[in-house]
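[1] need a 3D model of the following:
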Amino acid sequence: MIDDDTAGITQSVTSATIAESATATYTVVLDSEPTSDVTIRLTSSDTTAATVTPLLTLPVATGAVHKW
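    Below is the predicted model:
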């Protein structure tokens with residue numbers, strides 16, 4: 001049984017080492033059905049070495065989240 005009553009996220013990668021000029025891809029899945037759009041703040045531990053898009057928004061209306 002999967003508990004889908006608790007808010008949270010599951011991500012495919014929690015940290016990564018990336019070569020210069022390379023990219024990394026990962027997935028983010030909501031652990032429960034949201035009641036509104038969900039925004040996740042992303043950060044880099046070394047902003048001189050890597051940049052990330054600062055916000056990831058999963059809009060409910062577009063079906064960009066898991067189908068419940």
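
[2] show me the shaky parts of the chain.
    Applying pLDDT under 70 to the chain picks out residues 1-4, 61-68.

[3] so which residues of it form helices?
    Assigned by DSSP state H, the chain shows no helices.

[4] and for P54, the neighbour number?
    10 (other C-beta atoms under 10 Å). Placement of C-beta: from N, CA and C, glycine included.

[5] apart from its chain neighbours, what residue comes closest to R41?
    L55 (6.0 Å; C-beta to C-beta, 6 or more residues apart in numbering).

[6] distance of the one you found relative to E20?
    To E20, L55 is 25 Å away according to C-beta to C-beta, to the nearest Å.

[7] leaving out chain neighbours, which residue sits closest to D5?
    D5 sits nearest to S32 (C-beta to C-beta, 6+ apart), 6.1 Å away.

[8] can you count the residues close to the one you found?
    16.

[9] ok, it - contacts?
    4-8 (C-beta atoms under 8 Å, 6 or more residues apart in numbering).

[10] from A7, how far off is it?
    5 Å.

[11] ok, how many other residues are close to A16?
    The burial count for A16: 10, using other C-beta under 10 Å.

[12] could you do S15 as well?
    6.

[13] partners of the residue nearest to the spatial centre of the chain in the sheet?
    Centroid check for the chain by C-alpha atoms, centre = their mean gives V28 as the closest residue, at 3.7 Å. Using DSSP bridges, the bridge partners assigned to V28 are Q11.
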